[in-house]
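>>> Turn this into a structure:
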Amino acid sequence: MTFTSAASFFDPLSWTVYPEIPIGPGISPHGIGIAVGFLLGAQLMTRRARRFGGPPETDIWNALFYALIGAIVGARAGYVFGHFSEVTDGGDDILGIFKIWEGGISLIGGITGAILFALPYVLRRRMGFWQTMDLAAPGLALGIVIGRIGDLVIGDHLGEPTNFALGWLCSGSGSDPPLDAEIYLQALSEGQPPSLGCYDLVLHQTALYDLLSTLVLLGVLLFIGRKARPTGLLILTFTIWYAAMRVITDFLRVDKRYFGLTGSQLMSIAVGVICLYLLARYRGAPYRYRRPPEGGGDGAGDRSPLPPDPGDDGEKVGAGAKTTSESVTESDERPI
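Got it, this is the predicted structure:
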């Protein structure tokens, strides 16, 4: 069976990949993409906080510092959790867990780690979790878009052979020609196809699909964030959209699977379902969490919850009580 005939149906996307920039010991374009994506995403977050109102900028940057540490830890931990036998050579090299320079990080794990590490600071400074995450949502999308550019430069996240119109054919790796297609096909038949490299074969380039989808998502988030919206709507939109995209694109990749799904798919489905429930039930964050904490940023004050949602926690709405839509005050829906 051959897939090289794809070129007879269309002219596939093609470019030369550069695994590293020959400066000093070598610099990875992938690492540059991640770093620049994080910095520009953080800048977008702080700009939106200044424009629409939010926690003090000092608190935002402090929270982002913890998020950066969490992203590094979570990205590696997420990959190791799903590929333990590979990174430890079947358990013979436990220190392989820490050999991040050999490759192996998880975007989903990085986002999860960033949130978990920053959360204690956000709560302690009374920044408002949902308000802060709404400010961060467009920056997250921007960071992913830029990070994926780094993936495309090095030829990472290769998928299965394809005849799809957006299939990608590597034209070379630096000054070297592509590897023979049979090398990839042999690895594919053994169930261990590489996700990184340059082969003379038209493949799904899932990083490209992710970039295009997230670029559209970024536009959607910036558009709906221009006007007052229920608190939590932006971060829920980001999570549902991105989770759905990861579920789809991971079917195009050959990776370790559990019950027929990759670890990223299982995580995306679990978080996506929770966010879908919140979106359908509240159109955003639960009502009691929509108002930002009073005195946020200085540790003073207390949260001022909204009136209970009709039927929430078994409570009934008495005669003359406001309906849910009436109880959401102007302060609960703000540009985010």
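>>> so which strand or helix has Ser171?
For Ser171, the host element (DSSP states H and E) is strand 168-173.
>>> Span of stretch 202-210 from start to end?
Across stretch 202-210, the terminal residues are separated by 18 Å (C-alpha to C-alpha, to the nearest Å).
>>> which other residues reach it?
Residues from elsewhere that reach stretch 202-210 (C-beta atoms under 8 Å, 6 or more residues apart in numbering): 3-4, 6-7, 12-13, 144, 148, 151-152, 156-164, 166-169, 184, 245-246, 249-250, 252-253. (Each C-beta comes from the backbone N, C-alpha and C, glycine too.)
>>> please redo it, this time with the cut-off set to 7 Å
3-4, 6-7, 12, 148, 151-152, 156-162, 164, 166-169, 245, 249, 252-253 (C-beta atoms under 7 Å, 6 or more residues apart in numbering).
>>> one step back: other SSEs contacting the strand holding Ser171?
Judged by 3 or more C-beta pairs under 7 Å, 6 or more residues apart in numbering; DSSP states H and E, the packing partners of strand 168-173 are strand 13-17.
>>> what mean pLDDT does the strand it packs on have?
For strand 13-17, the mean per-residue pLDDT is 94.
>>> which secondary structure elements does that strand contact?
In this structure, strand 13-17 makes packing contacts with strand 168-173, judged by 3+ C-beta pairs under 7 Å, 6+ apart.
>>> how big is the angle separating the next helix or strand after the strand it packs on from strand 168-173?
Going down the chain from strand 168-173, the next helix or strand is helix 181-189, by DSSP H and E. Orientation note: helix 181-189 sits at an angle of 120 degrees relative to strand 168-173 (axes from the mean of the first three to the mean of the last three C-alpha atoms, to 10 degrees).
>>> Residues in contact with helix 181-189: which ones?
With C-beta under 7 Å, 6+ apart as the test, helix 181-189 has contacts from 4, 193-194, 199-201, 254.
>>> re the thing from before, take the contacts of stretch 202-210 and keep only those in helices.
148, 151-152, 245, 249 (DSSP state H).
>>> and the gap between Ile274 and Val122?
19 Å (C-beta to C-beta, to the nearest Å).
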